[in-house]
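In: next come a sequence and a model predicted from it.
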Amino acid sequence: MRVHLFVSLLLVAAGAATAGCDESLRSVAGPSPNLQPTFSSIQSEIFEKPDSAGRSACVTCHTNTGRPPSGGLNLNHDVAYTALVSVMSSRRPGAILVIPGDPDNSYLIHKLDGTNIAGRRMPFNGPPYLTDGQILIMKRWIAVGAPRN
């Protein structure tokens, strides 16, 4: 009986902690209030949509629709995941775009925050750039292994 009570209390505590995390994400998402640390959310809220601060959608340039994608990176819906995760950068030798579990060494994050990069910070036509909060949410997705969710 005590084991069941203990397990129940743990589940309630975990649920409360998770709810708190979701709320804090909403507060840091800024101009992308629906952004979550999932690939599908990043795809729809960052890659495919401009945000309320005026940042352009990534697919404005990174698309193969009617032309070669900028930098050779196609972020269209059906191919973006395989174009990013565990893929070498075409512009920075030795750099991997998204390293599952390692946001700090993922070159995509460097291109978005403008640190230690070849070429220009993304988006190319910025500012505005992604906010620290938007980048944090992308880092959280990478930190949990960059799942295709």
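Out: Perfect, thanks for sending it.

In: output the below-cut-off pLDDT ranges for this structure.
Out: Along the chain, segments meeting pLDDT under 70 span 1-24, 26.

In: show me where the chain has its helices.
Out: Along the chain, counting by DSSP state H, helices occupy 2-28, 39-42, 80-84, 107-113, 132-143.

In: ignoring the adjacent residues along the chain, who's closest to residue 126?
Out: residue 55 (6.6 Å; C-beta to C-beta, 6 or more residues apart in numbering). Where C-beta positions appear, they are placed from N, C-alpha and C, glycine not excepted.

In: how far away is that neighbour from residue 46?
Out: Separation of residue 55 from residue 46 (C-beta to C-beta, to the nearest Å): 9 Å.

In: got any residues that touch both of those two?
Out: Contact criterion C-beta atoms under 8 Å, 6 or more residues apart in numbering; residues shared by residue 55 and residue 46: residue 130.

In: just give the closest residue to residue 38, not the sequence neighbours.
Out: residue 149 (4.7 Å).

In: ok, that neighbour touching residue 37?
Out: No: using C-beta atoms under 8 Å, residue 149 is not in contact with residue 37, being 9.2 Å away.

In: between those two, who's got more neighbours?
Out: residue 37 (20 against 13; other C-beta atoms under 10 Å).

In: residue contacts, that one?
Out: 25, 137-138, 140-141, 144.

In: please apply the same query to residue 72.
Out: Residue 72 makes contacts with residue 90, as judged by C-beta under 8 Å, 6+ apart.

In: could we number from 27 for the rest of this?
Out: Got it, the first residue is 27 from now on, which makes the last one we talked about residue 98.

In: circling back to that earlier point, any idea how far the residue nearest to residue 64 lies from residue 65?
Out: 6 Å.

In: try residue 104
Out: Separation of residue 104 from residue 65 (C-beta to C-beta) stands at 13 Å.

In: so for those two, which residue has more residues nearby?
Out: Using other C-beta under 10 Å, the more surrounded residue of residue 104 and residue 65 is residue 65, with 21 against 8.
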